[in-house]
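Engineer: quick one, what's the 3D model for this:
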Amino acid sequence: MKLNKKIAYVGCLGMIGIITTEFGIIGILPQIAVYYEITIDKAAYLLSAFALVIALTGPFMTLLFSGFDRKKIMLTTIFIFLLSTVVSAFSPPFWLLMIVRMLPAFLQPVYIATAIAAAVASGEKSQENQLMGIVLGGIALAMVTTVPFATYLASIFTWQISFFVQALVSVLALFTIFRIMPGGEIPEKKTYGSQVKILKDKSFVLSTAMNFFMIASWFSTYSYFADYLIKTREVDMAAISYLLLLFGVVGVFSNWLSGKMLTRSITKTVAFFLLGTVIIPVILIYSADSVWITILVVALWGFFYAPCFLNASAYMISAAPKSLEFANSLATSFGNLGVFLGTAVGGWIISKSTISNIPWAGMGFGMISLLMVAFRSILENRNKKTVLINTGSNL
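Structural biologist: Residues are numbered from 1 along each chain as shown. Below you'll find the model as predicted:
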């Protein structure tokens, strides 16, 4: 195995720890709501508050730490995630649980941008999407391993056991980063002026909007995955863990497939998987509630959902190739802002009507994200024609 892939796989393991902490909460939200005697939309603050912190601070924190040793940044981030999960495992008061959940969120985008930059910097330009896919593949791997496993244990014992699983993953990631990740790599510190200028690029702005609405679309329903399936499909908590496992298994395959497709056409790949933001809500709303149909729906759901973070990063970076780390941090921030919006809108719909209506929000956000892709394509085609006309007139 070449060194560049080792670095990418180290980043991937840390990503598994981070995602297990952020999204591992989804499978146990119903239990947390019962334990703290609150409604499910209130319990979902544990997810949406985490995402909001990332959304508001991500780009600034990434630029602030851009001139630091990459190994130290990655170790510090995972250590803070470890502390957060250990405290959470002892079921503190809900307000304290909220705080310790929010603290590691400040460094999450820093870790993602740093891990991707370290992997990409050690490889060839032609390997960029592949190496980035390995790091971000940790999202899909967490969905197929640690997240369903933690949910399964919580269904047998208590929801607190889920946080102990998260802590064990963080310890493993810490050890691996310490042993394998090379130290002393201090990249050139990025200035705000040199990076923020990409916000003037219309293609990048449209790509950012696509990311925002796409993630909002998925998380308006996915944030309530367990509660939605329990109440609309009448499955139990043990079955939820198996469905999460299926969701993740299919997601690993689709994440790999997306990485391959991105090397051929980023726009077509993004558009293809975006179709799922419209298809899945329709299936969720209109399909019957039999066991086999539920299994099929969850499999399709996992297929279209899993590559969303990889696709969003690739799409945004393609519009700002010279600002890799800042573009990645913005992808993370606006993605998490989408998590916040989707979770908040889903919670609002639950409080005002019924949980069975939340896929409608996903469909609406999904259609907007597809429009952003169409607008960017129109804009870039128009710019190409202008360049050709100007070139022809100069000859």
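
Engineer: isn't residue 160 up against residue 90?
Structural biologist: Yes - contact criterion Cβ atoms under 8 Å: residue 160 and residue 90 qualify, at 7.3 Å. Just so you know, the C-beta spots here come from the backbone N, C-alpha and C atoms, and that holds for glycine as well.

Engineer: neighbour count winner among these two?
Structural biologist: residue 160 (17 against 11; other Cβ atoms under 10 Å).

Engineer: what about the longest helix in this structure?
Structural biologist: Longest helix of the chain, by residue count under DSSP state H: helix 358-394.

Engineer: check which helices and strands that helix sits against.
Structural biologist: Counting contacts by 3 or more Cβ pairs under 8 Å, 6 or more residues apart in numbering; DSSP states H and E, helix 358-394 packs against helix 202-222, helix 266-274, helix 276-286, helix 324-352.

Engineer: low-confidence stretches in the stretch 51-200 of the chain?
Structural biologist: Residues of the stretch 51-200 of the chain meeting the criterion pLDDT under 70: 122-129, 184-197.

Engineer: let's see that with 90 instead.
Structural biologist: 51-52, 54-73, 107-110, 112-158, 166, 179-200 (pLDDT under 90).

Engineer: can you give me the helices for it?
Structural biologist: All helices of the stretch 51-200 of the chain, identified by DSSP state H, counting those that start in this stretch, fall at 70-89, 94-102, 108-121, 128-144, 146-156, 160-180, 192-196.

Engineer: ok, back up a step: residue 37: which of the helices and strands packed on helix 358-394 is closest?
Structural biologist: helix 324-352 (16.2 Å; Cβ to Cβ).

Engineer: quick revisit: for residue 253, which of the helices of the stretch 51-200 of the chain is the nearest?
Structural biologist: Residue 253 lies closest, by Cβ to Cβ, to one member of the helices of the stretch 51-200 of the chain: helix 128-144, at 8.6 Å.

Engineer: could you check the angle helix 266-274 makes with that closest one?
Structural biologist: If you take axes from the mean of the first three to the mean of the last three Cα atoms, to 10 degrees, helix 128-144 sits at 10 degrees to helix 266-274.

Engineer: what about helix 128-144, distance to the chain center?
Structural biologist: Remark: helix 128-144 is offset 10 Å from the chain centroid, using Cα atoms, centre = their mean, to the nearest Å.

Engineer: now do it against helix 324-352, angle only.
Structural biologist: 30 degrees.

Engineer: rank the helices and strands packed on helix 358-394 by mean pLDDT and give me the bottom one.
Structural biologist: Of all these, the minimum mean pLDDT falls on helix 324-352 (a mean of 85).

Engineer: for that one, name the packing helices and strands.
Structural biologist: Under the contact definition 3+ Cβ pairs under 8 Å, 6+ apart, helix 324-352 sits against helix 40-43, helix 45-64, helix 108-121, helix 202-222, helix 308-318, helix 358-394.

Engineer: those: which one's closest to residue 326?
Structural biologist: That would be helix 45-64 among these, by Cβ to Cβ, at 6.4 Å.

Engineer: alpha carbons of the closest one, as CSV, please.
Structural biologist: Coordinates of each C-alpha in helix 45-64 appear next as CSV, following Å, rounded to 0.1, in the frame of the first residue of the first chain:
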residue,chain,number,x,y,z
TYR,A,45,-31.7,19.4,19.1
LEU,A,46,-28.8,17.1,19.9
LEU,A,47,-28.3,16.7,16.2
SER,A,48,-29.3,20.1,14.9
ALA,A,49,-27.3,22.1,17.5
PHE,A,50,-24.2,20.1,16.6
ALA,A,51,-24.8,20.8,12.9
LEU,A,52,-25.5,24.5,13.6
VAL,A,53,-22.1,25.0,15.4
ILE,A,54,-20.3,23.5,12.4
ALA,A,55,-22.3,25.6,10.0
LEU,A,56,-21.5,28.9,11.8
THR,A,57,-17.9,28.3,12.6
GLY,A,58,-16.5,25.8,10.1
PRO,A,59,-14.8,28.1,7.5
PHE,A,60,-13.3,30.4,10.1
MET,A,61,-12.0,27.6,12.3
THR,A,62,-10.5,25.9,9.2
LEU,A,63,-8.6,29.0,8.2
LEU,A,64,-7.6,29.7,11.8
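
Engineer: what residues does that helix touch?
Structural biologist: For helix 45-64, contacts defined as Cβ atoms under 8 Å, 6 or more residues apart in numbering pick out 22-23, 25-26, 29, 32, 97-98, 101-102, 105-110, 113, 190-192, 195, 223, 325-326, 328-330, 332-334, 336-337, 339-340, 343-344, 347.
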